[in-house]
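Chemist: how would this look folded up:
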Amino acid sequence: MEQYELIELGIEQNGRKEKLEFASAKLVIVTEMGSRLWYIDVDGIAQHQLLADFSTSEDIGVTLDGITVGGKSFSGYGFFHPNPQHQAAAIRGNGEISGF
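Modeler: Here you go, the predicted model:
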């Protein structure tokens, strides 16, 4: 299991781009039996309306790009699972994550 702290994370859905404002975010990559899964946990998200919008939407797929604390850029596609009550979200990766 690999973990990377993030300094930047942006999402895009239906032409709407958002640079997330967050207190902390972590990319986790798990390689098991030849398959690779990844997810991102984001805490302290300042965009309350964005979280509210995703919490009422059935369309939660997003393209994303980000930068790790070490300066590594990455991008991928995932599903944005908001938790407005805790100002947090989990993005579950779908397919490959480029840059790793």
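
Chemist: Residue 44 and residue 13: what is the separation?
Modeler: From residue 44 across to residue 13, the span is 21 Å (C-beta to C-beta, to the nearest Å). The C-beta positions use only the backbone N, C-alpha and C, and glycine is treated the same way.

Chemist: which of the two has more neighbours?
Modeler: residue 13 (17 against 13; other C-beta atoms under 10 Å).

Chemist: Report the beta-bridge partners for the more buried one.
Modeler: residue 16 (DSSP bridges).

Chemist: residue contacts, it?
Modeler: Shown in contact with residue 13 (C-beta atoms under 8 Å, 6 or more residues apart in numbering): 59, 61, 62, 63, 80.

Chemist: gap between it and residue 78?
Modeler: In this view, residue 13 and residue 78 are 11 Å apart by C-beta to C-beta.

Chemist: again, but for residue 26
Modeler: Counting by C-beta to C-beta - residue 26 and residue 78 are separated by 14 Å.

Chemist: Kindly report the same for residue 65.
Modeler: From residue 65 over to residue 78 (counting by C-beta to C-beta), the distance is 11 Å.

Chemist: Appreciated, that's everything.
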